[in-house]
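Chemist: Generate coordinates for the sequence data below:
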Amino acid sequence: MQFSVYQVSRKGGREKNEDRMGYCYTRDAGLFALADGMGGHPEGEVASQLALQTMSAMFQREAKPKLADPLRFLQEAIIAGHHQLLRYATERALMDTPRTTIVACVLQGKQAYWAHCGDSRLYLVRGDKLVARTRDHSYSELQETLSHVVPMGDRVNRNVLFTCLGSPGKPVVDTAGPLVVHPGDRVMLCSDGLWGSLPDNQITDILAQHQIGDAVPELVERALRVAGEKSDNVTVLAVEWESAEDMDSKGAISTLSLGDEVFASTIQASLGADANADDLDEAEIERSIREINEAIQRSSARKR
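Modeler: Alright, predicted model coming up:
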């Protein structure tokens, strides 16, 4: 399995960054995930981080070195994150539960599987075409879908969601796949801070016309400029699948030489007392990748 990955998160005009992102991989499977903690509820950054940590831990447990059923895994891992948020709120006697959206993709066996809850999105671009995009769990998207069948009234606020992790009711989780991925395909996960400022056609064009190491920061900076001082957090994680011309880039990863038990992750094990995720840029991701590669080399040396 070979892929290139690039990710950036910016605080924008908010007091803090409640978005989280990251990826894990074994020799035969990769998990890429992004969560957007919801404002108006307590500890959004904890909600997004806890959701990703739960998914990462389950991936490490089940990907040996591949997942038996990727769609089942995604469904169960997202629901497990939801239960972790309810437990977190109960243990701390919070008046309200931390809440988050989430979107995640598994790449395994040259196929893509994905799932989401809320309005964090996945885009899959092949060449210059948008092949797939998740549909938000928002009343505005629901209204747009139903308007072709039943006339609807005024548009509702796009920020109003009808499901998320940490809500009182069981979350709605949509899954898709498997979809065969081709060399050069690009999968992008993003928070609503991006797509709320840039239309799908512009997102697709930028992602298609540039290397992902250039496309991701360009998308983030454009979204921040369009939104201005009131910008939401903007977070983007993009993966290019098996593009030979990019395998020499600094974001390139090959898992072909990994052992069955090797697991790597850029998702923090915990927030930590001194953690500051207001601006997660490529320097931090490069450090994580370097640490992962060093651990892999040590593992390989022990086996020899």
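Chemist: okay, CA-based contacts and neighbour counts for the rest of this
Modeler: Noted.
Chemist: Just give me the neighbour total for the closest residue to Glu45 other than its chain neighbours.
Modeler: Spatial nearest neighbour of Glu45, excluding adjacent residues (CA to CA, 6 or more residues apart in numbering): Glu18 at 4.0 Å. Glu18 has 28 neighbouring residues, counting by other CA atoms under 10 Å.
Chemist: try Arg92
Modeler: Neighbour tally, Arg92, other CA under 10 Å: 9.
Chemist: again with Gly127
Modeler: Look at Gly127: counted by other CA under 10 Å, it has 15 neighbours.
Chemist: cool, Ala238 as well?
Modeler: 24.
Chemist: in stretch 49-59, what's buried?
Modeler: Buried residues in stretch 49-59, defined by neighbour count with 16 or more other CA atoms under 10 Å: Gln49, Leu50, Ala51, Leu52, Gln53, Thr54, Met55, Ser56, Met58, Phe59.
Chemist: Identify the residues contacting it?
Modeler: Identification of contacts with stretch 49-59 by CA atoms under 8 Å, 6 or more residues apart in numbering yields 20-24, 31, 33-35, 67, 73, 77-78, 80-82, 84-85, 100, 102, 265, 267-271.
Chemist: Got the phi and psi for the spatially most central residue of the chain?
Modeler: For the chain, the residue nearest the mean C-alpha position is Leu34 (2.4 Å; CA atoms, centre = their mean). Main-chain torsions, Leu34, degrees, to the nearest 10: phi -150, psi 140.
Chemist: So it is in contact with Ala104, correct?
Modeler: Yes: if you go by CA atoms under 8 Å, Leu34 and Ala104 touch, sitting 6.4 Å apart.
Chemist: Overlap of the contact sets of the two?
Modeler: Leu189.
Chemist: thinking again about what came up before, give the buried subset of the contacts of stretch 49-59 as a PyMOL selection command.
Modeler: Filtering the contacts of stretch 49-59 down to the buried ones (16+ other CA under 10 Å) takes a single PyMOL command:
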select buried, resi 20+21+22+23+24+31+33+34+35+67+73+77+78+80+81+82+84+85+100+102+265+267+268
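Chemist: In helices only, show me the contacts of stretch 49-59.
Modeler: Phe73, Ala77, Ile78, Ala80, Gly81, His82, Gln84, Leu85 (DSSP state H).
Chemist: so who does the second one touch?
Modeler: Right, Ala77. Ala77 neighbours (CA under 8 Å, 6+ apart): Thr54, Met55, Met58.
Chemist: The first one too?
Modeler: Taking CA under 8 Å, 6+ apart as the contact definition, Phe73 lies against Phe59, Leu67.
Chemist: now the fourth one
Modeler: Residues counted as contacts of Ala80 (CA under 8 Å, 6+ apart) are Thr54, Met55.
Chemist: What separation is there between it and Gly109?
Modeler: According to CA to CA, to the nearest Å, Ala80 and Gly109 sit 25 Å apart.
Chemist: which of the ones in helices among the contacts of stretch 49-59 lies closest to Tyr123?
Modeler: Nearest to Tyr123, judged by CA to CA, of those is Ile78 at 19.0 Å.
Chemist: Regarding the closest residue to that closest one other than its chain neighbours, which helix or strand does it belong to?
Modeler: By the measure of CA to CA, 6+ apart, the closest residue to Ile78 outside its immediate chain neighbours is Met55, 6.8 Å from it. According to DSSP states H and E, Met55 maps onto helix 44-62.
Chemist: Let me know the distance separating Ser120 from Thr100.
Modeler: 10 Å.
Chemist: Please enumerate the strands of the stretch 201-304 of the chain.
Modeler: Here the stretch 201-304 of the chain has its strands, by DSSP state E, counting those that start in this stretch, at 234-241, 252-254, 264-265.
Chemist: Asp214 is nearest to which of those strands?
Modeler: strand 234-241 (10.8 Å).
Chemist: Just name whatever secondary elements the closest one is in contact with.
Modeler: strand 2-10, strand 19-25, strand 186-190, helix 192-195, helix 212-227 (3 or more CA pairs under 8 Å, 6 or more residues apart in numbering; DSSP states H and E).
Chemist: In TSV, list the ones you listed along with distance to Asn201 and mean pLDDT.
Modeler: Output for the helices and strands packed on strand 234-241, formatted as TSV (distance: least, CA to CA, whole Å; pLDDT from 0 to 100):
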stretch	distance to Asn201	mean pLDDT
strand 2-10	20	95
strand 19-25	24	96
strand 186-190	14	98
helix 192-195	10	97
helix 212-227	12	97
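Chemist: so which of these is the most packed in?
Modeler: strand 186-190 (a mean of 27; mean count of other CA atoms under 10 Å).
Chemist: what about the chain, any weak spots by pLDDT?
Modeler: Along the chain, the model assigns pLDDT under 70 to residues 141-159, 244-250, 269-304.
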